[in-house]
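1. With the input below, show me the fold.
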Amino acid sequence: MTRVLDSRKGLFYKARPLGAVVVALWAAVAVAEVASGAQLPDGAQKVGENRYRAPGDYEKTLEYYKIVYPVSSYPRRAIVNQPGVKAVHITNPSGKNFEGLNIYEANDEVRVYVVPVKSAPASSKPPTKKAEPKSGKKSR
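-> Predicted structure coming up:
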């Protein structure tokens with residue numbers, strides 16, 4: 001008796017929906033724009049140095065950053081909450097590439113400011129000269 005190994009009888013492939021969701025999220029994050037090491041929402045437009053206009057409303061932008069930078073790892077604090085103006089600061093605990101993000105809404109527009117890393121303060125002392133090594137030749 002011979003058996004056909006390539007038979008489809010009774011073996012149907014069922015896609016796993018969780019795997020598809022993970023792949024879709026990974027693909028969405030992979031194409032996101034990055035500025036100074038900080039991830040920006042898809043479709044963000046540069047409007048100035050380290051400043052970007054977010055494509056969605058304030059709440060959608062905050063939801064995006066809750067996924068990209070989880071609250072448990074990236075602390076947040078309210079900067080301003082006045083009529084017509086809302087702002088939140090997201091701290092980058094590693095301090096690499098950027099110190100944090102300011103997300104704010106004013107005049108019906110949502111903007112993201114990437115807070116750059118502060119450069120080290122210049123010391124007041126002039127740099128000291130190192131003694132140059134001698135040439136290795138002996139004089140007689």
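
2. tell me which residues in stretch 59-79 are buried?
-> For stretch 59-79, the neighbour count (16 or more other CB atoms under 10 Å) marks Thr61, Leu62, Tyr64, Tyr65, Val68, Tyr69, Tyr74, Arg76 as buried. For glycine as for every other residue, the C-beta is placed from the backbone atoms N, C-alpha and C.

3. now stretch 79-97
-> Using 16+ other CB under 10 Å as the test for burial, stretch 79-97 gives Lys86, Ala87, Val88, His89, Ile90, Thr91, Asn92.

4. Mind checking which of these are in strands?
-> Counting by DSSP state E, the buried residues of stretch 79-97 place Lys86, Ala87, Val88, His89, Ile90, Thr91 in strands.

5. Under the pLDDT cut-off, which ranges of the protein? List them.
-> Applying pLDDT under 70 to the chain flags residues 1-32, 119-140.

6. ok, back up a step: now distance to Lys46 too, for the ones in strands among the buried residues of stretch 79-97, in CSV please.
-> Below are those laid out as CSV (distance: CB to CB, whole Å):
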residue, distance to Lys46
Lys86, 22
Ala87, 19
Val88, 21
His89, 20
Ile90, 19
Thr91, 23
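
7. Could you work out the most separated pair of the residues you listed?
-> Taking CB to CB, the two most distant members of those are Lys86 and Thr91; they sit 17.6 Å apart.
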